[in-house]
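Asks: just to be clear, the model below is a prediction. Sequence and coordinates:
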There are 2 protein chains.
Amino acid sequence: MVGDMLGRTYDDQVCSIARSLEVLGERWTLLIVRDVLLGVRRFDDFQHSLGVARNVLTDRLGRLVDAGVLERVSYQNRPPRHEYALTAMGRELAVPIIALMQWGDRHHAGQAGPPRLAHHRDCGAPVQAALVCTGCGRPVPAGDLDVVPGPGLATRPPRERFPHAVRRKVAQMHPPP
Amino acid sequence: MVGDMLGRTYDDQVCSIARSLEVLGERWTLLIVRDVLLGVRRFDDFQHSLGVARNVLTDRLGRLVDAGVLERVSYQNRPPRHEYALTAMGRELAVPIIALMQWGDRHHAGQAGPPRLAHHRDCGAPVQAALVCTGCGRPVPAGDLDVVPGPGLATRPPRERFPHAVRRKVAQMHPPP
DNA sequence: CTGAGTGGGTTGCTTCACGCAACCGACTAA
DNA sequence: TTAGTCGGTTGCGTGAAGCAACCCACTCAG
């Protein structure tokens, strides 16, 4: 019985993607983080930039603060006002967010080209999100990737595929490429 | 009419992240893609792996097929049955998905460690999602990143900060039919 | 020829989260 | 004094998600 019990969590998944999505997966949340990466900091600016309902925005900002992705930074005392800034943990989200952005650039941008570009501040050259091998240092195409069980998967062995299954042979009708 | 007009789309955003999220951002969708990356292919297997409602699963699989992320591959004719496989476009999602997974590994994994590991098939070494500079070839920490307007952002100058303006016009982003 | 099981859904009902609009409280600038 | 700013909260209505049940074409064991 972890989390909200209904609706927004993926309770029983032993998976870092599911756990990331519990923090980031709701509507608007990732766009808020994008906005912060682009320099937006204040409630009303998020609201105007996104067109999100104010109560929902309140909810999402609060969750991001609770999750440690954002922090409130006071900029005035009377009345108390604050901005939202990325924590170190939040800044690391640049990797998946830029990766998602570039996937969208490749497959869903108009002929005008990408709406935004990522550059290396030091040398000005474009930056790309990619999978790189820590062994040979080369980029790894998605097809050369093996995703295997890790130490955190101890609980629950891989799901049995119905012991009395006869399905296997039928599957050979169209052999995998 | 663009998108669903209500609820699931981010109509007026000129942003590749928003456009990616229109395809991938709904609940369960990204977990379905994760499952396909891990080798799950059939309706009932998704359903057991995720615990998602069957009608929702039907909807998500259909959307992913429509979006060109998955394709149906027939494996039997009477009755017609098929599996779901990643297209080339879908395979590219390994980058943002692994990035999200490793963010979750760093910040939300138990002390047991990551539930899953990504390895380079050729040399067996771990694979990491990262931002790399196409100029100097070095990894780029999130803090050294500049995200600047690109050619696709022609529409709409950077948002005014309403010195005196009335907010009504902005609020009416979806004019009544 | 039954009866059980399978795969891939569809239908109906209920609940919940989102969108909208109004309101608030402490301040500031005209 | 009124109008506006900023960061919310509250209340209400509705559409989408979740759940369970059902369905149909087919296969297989007995």
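Replies: Structure's in. What do you need?

Asks: could you use CA atoms for every contact and neighbour count after this?
Replies: Will do.

Asks: give the contact list for the closest residue to A:L131 other than its chain neighbours.
Replies: Sequence neighbours aside, B:A129 is the residue nearest to A:L131 in space, at 4.4 Å (criterion: CA to CA, 6 or more residues apart in numbering or on different chains). By CA atoms under 8 Å, 6 or more residues apart in numbering or on different chains, B:A129 lies in contact with A:V95, A:A129, A:A130, A:L131, A:V132, B:V95, B:P96, B:I98, B:A99, B:Q102.

Asks: need the residues you listed in TSV (columns: pLDDT, secondary structure and distance to B:L57).
Replies: Listed next are the contacts of B:A129 as TSV, based on pLDDT from 0 to 100; DSSP: H, G, I helix; E, B strand; the rest coil; distance: CA to CA, whole Å:
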residue	pLDDT	secondary structure	distance to B:L57
A:V95	97	helix	28
A:A129	97	strand	30
A:A130	96	strand	29
A:L131	97	strand	29
A:V132	96	strand	33
B:V95	97	helix	24
B:P96	96	helix	22
B:I98	96	helix	22
B:A99	97	helix	24
B:Q102	96	helix	26
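
Asks: could you export these as a markdown table, including distance to A:Y75?
Replies: Output for those, formatted as a markdown table (distance: CA to CA, whole Å):
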| residue | distance to A:Y75 |
| --- | --- |
| A:V95 | 29 |
| A:A129 | 34 |
| A:A130 | 37 |
| A:L131 | 39 |
| A:V132 | 40 |
| B:V95 | 37 |
| B:P96 | 34 |
| B:I98 | 37 |
| B:A99 | 33 |
| B:Q102 | 33 |
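
Asks: out of these, the closest to DNA strand C would be?
Replies: B:P96 (21.8 Å; CA to the nearest atom of the strand).

Asks: OK, contacts around the closest one?
Replies: Applying CA under 8 Å, 6+ apart, the residues contacting B:P96 are A:V95, A:P96, A:I97, A:I98, A:A99, A:L100, B:A129.

Asks: how near is the third one to A:A118?
Replies: It stands for A:I97. Per CA to CA, to the nearest Å, A:I97 is found 11 Å from A:A118.

Asks: where does pLDDT dip in chain A?
Replies: A:1-9, A:11-12, A:154-177 (pLDDT under 70).

Asks: at 90 what do you get?
Replies: Applying pLDDT under 90 to chain A picks out residues A:1-16, A:18-19, A:22-23, A:25-27, A:50-51, A:53, A:75-81, A:108-113, A:150-177.
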